[in-house]
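In: Starting from these lines, generate the structure:
(2 chains)
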There are 2 protein chains.
Amino acid sequence: MSANLRATVKRRSSARTRVPVEPKRRELSLEKVLAALADPTRLGMVQYLADAGDKVNCQECSCPDRAKSTMAHHFKVLREAGVLGSRESGTQLFNHLRRADLDARFPGLLDAILKSAPKPTW
Amino acid sequence: MSANLRATVKRRSSARTRVPVEPKRRELSLEKVLAALADPTRLGMVQYLADAGDKVNCQECSCPDRAKSTMAHHFKVLREAGVLGSRESGTQLFNHLRRADLDARFPGLLDAILKSAPKPTW
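Out: Numbers count the residues shown, from 1 in each chain, chains lettered A, B, ... in the order given. Here you go, the predicted structure:
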């Protein structure tokens, strides 16, 4: 294997492991979704993604007064609860709201939360 | 003051301080309500109270496989978030779901949660 090919494989496999494991629709838990949304920053992120409509890059959804690592943690909590889904594109991770899955498992919940959540200021 | 009267006053004032402070309708916070409901036991308690329709004594809503102190903690979390209200009657504390307040502040939220929450087994 050439040095170039080895580097490519290494890059690809590390990129692959970056994509976090997300619960399937049937594995979504109401308690975990509620816990993930019980935070003003995460509520703001979900509102931002709901308004953005489609996939959003992690950096676009960053809050100016919060550290990158803090935002990464919040993204992780939302992904692990199944509120957000992620898709890799090149070196970037794009996020989307799992609206269809959430609406199928917990009808009306996301809409009720989005309607009542204060608008994010960022 | 007779010994009997002193005892009565003492009992009354200690009973009065038992009634916990509950947030007013305008003070209800979405994050706090979601956090309070992000627990299977508390979700079960709220379902029980929603089905019971009216006021329920703390003891009636106890779960056989959980300690009394654990249940008291769960009641406290729900009361402090404004999900439950309490009313003293004699020496007992009766709880009720603050449905009108929750529906006014977060329309559709409680119904969506109650519809999706697994039924309590106790």
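In: C-alpha from now on. contacts and neighbour counts both.
Out: Fine.
In: dump the residue contacts of the residue lying closest to residue A:24 once chain neighbours are set aside.
Out: Excluding the flanking residues, the one nearest residue A:24 by CA to CA, 6 or more residues apart in numbering or on different chains is residue A:82, at 7.6 Å. Neighbour list for residue A:82: A:22, A:23, A:24, A:25, A:28, A:33, A:98 [criterion: CA atoms under 8 Å, 6 or more residues apart in numbering or on different chains].
In: List only buried entries from those residues.
Out: A:22, A:28, A:33, A:98 (16 or more other CA atoms under 10 Å in any protein chain shown).
In: Look at the first one and give its secondary structure.
Out: By that I understand residue A:22. coil (DSSP: H, G, I helix; E, B strand; the rest coil).
In: Leaving out sequence neighbours, find the closest residue to it.
Out: The shortest distance from residue A:22 to any non-neighbouring residue, by CA to CA, 6+ apart, is to residue A:80 (5.6 Å).
In: Show residues contacting the helix or strand harbouring that neighbour.
Out: Taking DSSP states H and E as the criterion, residue A:80 maps to helix A:68-81. With contacts defined as CA under 8 Å, 6+ apart, helix A:68-81 is touched by A:20-23, A:28-29, A:32-33, A:36-37, A:41-42, A:62-63, A:84-86.
In: Just the ones in strands from those, please.
Out: Among those, DSSP state E puts A:84, A:85, A:86 in strands.
In: Of the residues you listed, which is the nearest to chain B?
Out: Closest to chain B out of the ones in strands among the contacts of helix A:68-81 is residue A:84 (17.5 Å), distances taken as CA to the nearest CA.
In: Name whatever forms a beta bridge with that closest one.
Out: residue A:97 (DSSP bridges).
In: shouldn't it be in contact with residue A:94?
Out: No. Between residue A:84 and residue A:94 no contact is recorded; they are 9.9 Å apart, counting by CA atoms under 8 Å.
In: Which one of these two is surrounded by more residues?
Out: residue A:84 (23 against 18; other CA atoms under 10 Å in any protein chain shown).
In: roughly how far apart are that one and residue A:46?
Out: Distance of residue A:84 to residue A:46, given as CA to CA, to the nearest Å: 8 Å.
In: circling back: flag every buried residue along the helix holding residue A:80.
Out: A:71, A:74, A:75, A:76, A:77, A:78, A:79, A:80, A:81.
In: follow-up on the earlier one: and the contacts of helix A:68-81, which of them are buried?
Out: A:22, A:28-29, A:32-33, A:36-37, A:41-42, A:62-63, A:84-86.
In: possible to save those as a markdown table with pLDDT?
Out: Output for the buried ones among the contacts of helix A:68-81, formatted as a markdown table (pLDDT from 0 to 100):
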| residue | pLDDT |
| --- | --- |
| A:22 | 91 |
| A:28 | 97 |
| A:29 | 96 |
| A:32 | 97 |
| A:33 | 98 |
| A:36 | 98 |
| A:37 | 97 |
| A:41 | 91 |
| A:42 | 94 |
| A:62 | 55 |
| A:63 | 58 |
| A:84 | 94 |
| A:85 | 93 |
| A:86 | 87 |
